[in-house]
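Engineer: coordinates for the following, if possible.
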Amino acid sequence: MRIKAKARARAPKMPLHDQAYEKIKHEIITLGFRPGEYLNEAQVSKRFRIGRTPVRQALNRLMLEGMVDVIPRKGVIVKAVSLDDVVQTIDVRIVNETYCARLAVARADENDIAELTRILDESDVAVAASDSVRQMMLDRDFHNTLSRAARNVVLAECIRTLHDRSLRFWFISLRDPMHHIAVKLEHRAILEAIKARDPEAAGLAVRSHIESFRSNIMRHILGEGANL
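Structural biologist: Residues are numbered from 1 along each chain as shown. As a prediction, this is how the structure comes out:
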């Protein structure tokens, strides 16, 4: 009886349309679905064992977030990564995330700081294991936790969407182990500035981190061509 009571007390399962959204987005970000690939609704539904209606809802949401396009009479296609998209996304990230860091300095509580610390400790393990997918997801966790610490729901949602778009750039381009170490150190600098309650240092640390991201990805894209 106690076991059943505990089971009932667990958090409710994620709705199917959210499950479909997270699964499809993960495949896009990690290049399981490649830029330019057409996504057949029935095949995606079969792959994830989720009904076609939740899959359709998820694809509509991903279209609004700029990850897929709907081509008339052809279907849904994974959006290509263009140089303009990279530049514009990073420019907007710098403005929003610098402001977010300054807010987090004033508003982050001990739980936020503990969670950021835990994420960075896990990142140390992922970097040592050369686990690129895990590093990428922890990078997302770090930025999402930082945005929540700013206590501005609208800003947090904006940053989450921008960062999810950036993650695809991250996975395409940033395979250099030395860059992963640099990211880890940049995240540490952001956390230390928040712990020190220094808004100027936090803003500068975030700007430096995103500019480093820009430099690495631009070097890769200019070497490989404007469209990936």
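
Engineer: now do the helices in this structure.
Structural biologist: Here the chain has its helices, by DSSP state H, at 2-9, 16-29, 41-48, 52-64, 83-107, 110-128, 132-149, 153-173, 177-195, 199-224.

Engineer: ok, now how distant is the spatially most central residue of the chain from A189?
Structural biologist: Relative to the mean C-alpha position of the chain, the nearest C-alpha, by C-alpha atoms, centre = their mean, is the one of D164, at 3.4 Å. According to C-beta to C-beta, to the nearest Å, D164 and A189 sit 23 Å apart. Heads up, the C-betas are built off the backbone N, CA and C, glycines and all.

Engineer: check P15 too.
Structural biologist: Using C-beta to C-beta, P15 is found at 38 Å from A189.

Engineer: one more: N152?
Structural biologist: In terms of C-beta to C-beta, N152 sits 22 Å off from A189.

Engineer: same question, I210
Structural biologist: Separation of I210 from A189 (C-beta to C-beta): 13 Å.

Engineer: so these two - more neighbours on which side?
Structural biologist: Between I210 and A189, counting by other C-beta atoms under 10 Å, I210 is the more crowded of the two (20 against 16).

Engineer: I'd guessed the more buried one sits against V92; true?
Structural biologist: No: counting by C-beta atoms under 8 Å, I210 stays clear of V92, with 10.3 Å between them.

Engineer: the bottom helix or strand of the protein by mean pLDDT?
Structural biologist: Every helix and strand of the chain was ranked by mean pLDDT, DSSP states H and E. The lowest is helix 2-9, at a mean of 47.

Engineer: look at L162 and say how many residues are nearby.
Structural biologist: Neighbour count of L162, defined by other C-beta under 10 Å: 21.

Engineer: so what's the predicted local confidence for the residue nearest to it when sequence neighbours are not counted?
Structural biologist: Closest residue in space to L162, ignoring its immediate chain neighbours: R93 at 5.1 Å, by C-beta to C-beta, 6 or more residues apart in numbering. Listed pLDDT for R93 reads 95.

Engineer: quickly note the distance from R93 to I77.
Structural biologist: From R93 to I77 the distance is 25 Å (C-beta to C-beta).

Engineer: again with S147
Structural biologist: Here S147 is placed at a distance of 29 Å from I77 (C-beta to C-beta).

Engineer: and for S45?
Structural biologist: Using C-beta to C-beta, S45 is found at 17 Å from I77.

Engineer: how far off centre is stretch 68-85?
Structural biologist: 19 Å (C-alpha atoms, centre = their mean, to the nearest Å).

Engineer: so how far does that stretch reach from one end to the other?
Structural biologist: End-to-end distance for stretch 68-85: 13 Å, by C-alpha to C-alpha, to the nearest Å.

Engineer: per the record, what domains does this protein have?
Structural biologist: Split into domains by automatic domain parsing, the chain comes to 2-78, 83-224.

Engineer: any idea which of those domains scores lowest on pLDDT?
Structural biologist: Within the domains of the chain, the stretch with the lowest mean pLDDT is domain 2-78, showing a mean of 86.

Engineer: what is the neighbour count of the residue lying closest to S208 once chain neighbours are set aside?
Structural biologist: Counting by C-beta to C-beta, 6+ apart, E186 is the residue found nearest to S208 once chain neighbours are left out, at 6.5 Å. Applying other C-beta under 10 Å, we find 18 residues neighbouring E186.

Engineer: please begin residue numbering at 43 from this point
Structural biologist: Fine by me, first position is 43 from now on; the one you just mentioned is E228.
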